[in-house]
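1. Provided below for reference: sequence and predicted model.
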Amino acid sequence: MTSRSDFSSAVVDTFARRAVQYDGESVWMRDSRALQPLAPEPFGNRVALDLAAGTGLVGAVLAERGWSVVHLDISAEMLRSAGGSRVVGDSQFLPIRESSVDLIVCRQALHYFLLPAVAREIRRVGAAEIRLGQIVAPNEVAAKWWNELFQVLAPGRRRVFLPGEVEDFARSVAAGWTASTERFALRDDFRSNFAHLEEPSRQVADSIVSSMPAEVSAAIDFRDGTYRQDWEIVKAGRK
Ligand SMILES: C[S@@+](CC[C@H](N)C(=O)[O-])C[C@H]1O[C@@H](n2cnc3c(N)ncnc32)[C@H](O)[C@@H]1O
């Protein structure tokens with residue numbers, strides 16, 4: 001059985017290898033559609049926590065809008081190029097004091113978390129609003145196939161989300177919270193995030209891709225080495 005610390009050390013190892021090339025891996029990382037909706041006008045004390053901030057791509061947009069940003073990530077290597085305040089830590093056990101954060105954002109990382117633990121921490125640090133950006137699989141068959149590929153591509157990843165599941169999570173954070181979802185699709189290069197793989201993992205990943213079921217390739221519109229990437233941006237909170 002895989003324990004919590006096995007998941008964490010797999011994540012730390014993988015992102016230590018990905019950190020240097022991370023910002024150029026995929027189209028979504030710098031696409032404004034996957035950045036701007038995560039950054040509302042500042043409110044409260046203007047303190048935003050970027051959970052699993054990585055290299056700080058979302059935090060930079062928040063800072064431009066006037067937020068004071070705390071970047072938190074389990075990987076010190078990923079955080080190295082993030083600006084502002086940086087904290088190496090685990091989203092499930094935030095080293096952040098009670099009622100000190102107005103906004104929490106999290107892009108493309110919820111799949112690494114134990115969600116009930118993160119919901120508890122979001123409530124404890126007092127965020128009035130959360131904004132979550134997540135790629136989702138179009139259906140269960142595709143999610144199962146992506147999960148198989150992610151065992152090789154992204155060890156430590158716990159799941160692949162289906163449409164609507166991120167909003168369900170957001171609503172579960174606190175009683176009375178409302179939530180809404182904005183959807184869009186990007187086209188991305190399929191193998192761009194294989195760059196960190198070494199043999200034999202690369203070979204295993206290639207063979208999973210070459211045996212992609214027709215149902216999956218139709219669902220993600222896989223052609224010419226690219227695919228459709230379905231995004232959900234969930235906004236939730238007390239208002
Ligand atoms: C795909 S990257 C996303 C980075 C950034 N949010 C972005 O949008 O570019 C996932 C990040 O989640 C971080 N991560 C994974 N599990 C974590 C945890 N339990 N606590 C904090 N960070 C975690 C990884 O280190 C990595 O930087």
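-> That came through fine.
2. ok, the residue nearest to the spatial centre of the chain - contacts?
-> Closest to where the C-alpha atoms of the chain average out (Cα atoms, centre = their mean) is Gln108, at 1.5 Å. The contact partners of Gln108, taken as Cβ atoms under 8 Å, 6 or more residues apart in numbering, are Trp28, Gly133, Gln134, Ile135. To be clear about C-beta, it is placed using only N, CA and C from the backbone, and glycine gets the same treatment.
3. Phe93 now?
-> Contact analysis of Phe93 by Cβ under 8 Å, 6+ apart lists Ala117, Glu121.
4. any idea how far it is from Ser68?
-> 22 Å (Cβ to Cβ, to the nearest Å).
5. One more: His196?
-> 32 Å.
6. same check, this time on Val216
-> Counting by Cβ to Cβ, the gap between Val216 and Ser68 amounts to 43 Å.
7. So for the two, which sits in the more crowded spot?
-> Val216 (19 against 14; other Cβ atoms under 10 Å).
8. I'd like to know how far the more buried one sits from Ile208.
-> Noted for Val216: a distance of 11 Å to Ile208, by Cβ to Cβ.
9. For the residue in the chain positioned nearest to the ligand, which three-state class applies?
-> Residue of the chain nearest the ligand, by Cβ to the nearest ligand atom: Gly54 (2.6 Å). Secondary structure, DSSP: H, G, I helix; E, B strand; the rest coil: Gly54 is coil.
10. For Val152, which three-state class applies?
-> Secondary structure for Val152, judged by three-state DSSP, is helix.
11. if I pick it, what's in contact with it?
-> Val152 is in contact with Leu197, Ser201, Val204, Ala205, Ile208, counting by Cβ under 8 Å, 6+ apart.
12. Recalculate using a threshold of 7 Å.
-> Taking Cβ atoms under 7 Å, 6 or more residues apart in numbering, we find Val152 in contact with Ser201, Val204, Ala205, Ile208.
13. what does Pro155 give?
-> Neighbouring residues of Pro155 by Cβ under 7 Å, 6+ apart: Ala10, Thr14.
14. So it, which state does it fall into?
-> Going by three-state DSSP: Pro155 is coil.
15. Report back the residue of this protein that's furthest from centre.
-> Ala214 (27.1 Å).
16. For that one, which phi and psi angles does the backbone take?
-> phi -60, psi -40 (degrees, to the nearest 10).
17. Next one: it from Val160, what distance?
-> 19 Å.
18. For the protein, which residues are neighbours of the ligand?
-> With the criterion set to Cβ under 6 Å from any ligand atom, the chain comes near the ligand through 11, 15, 29, 52-54, 57-58, 73-75, 78, 90-92, 107-109, 112-113.
19. Can you give me the pLDDT of Pro200?
-> Pro200 carries a pLDDT value of 92.
20. Same question for Met1.
-> On the pLDDT scale, Met1 is placed at 43.
21. Could you do Ala195 as well?
-> Looking at Ala195, its pLDDT is 82.
22. count of residues packed around it?
-> Applying other Cβ under 10 Å, we find 14 residues neighbouring Ala195.
23. With Trp67 instead?
-> Burial of Trp67, expressed as a neighbour count using other Cβ under 10 Å, amounts to 24.
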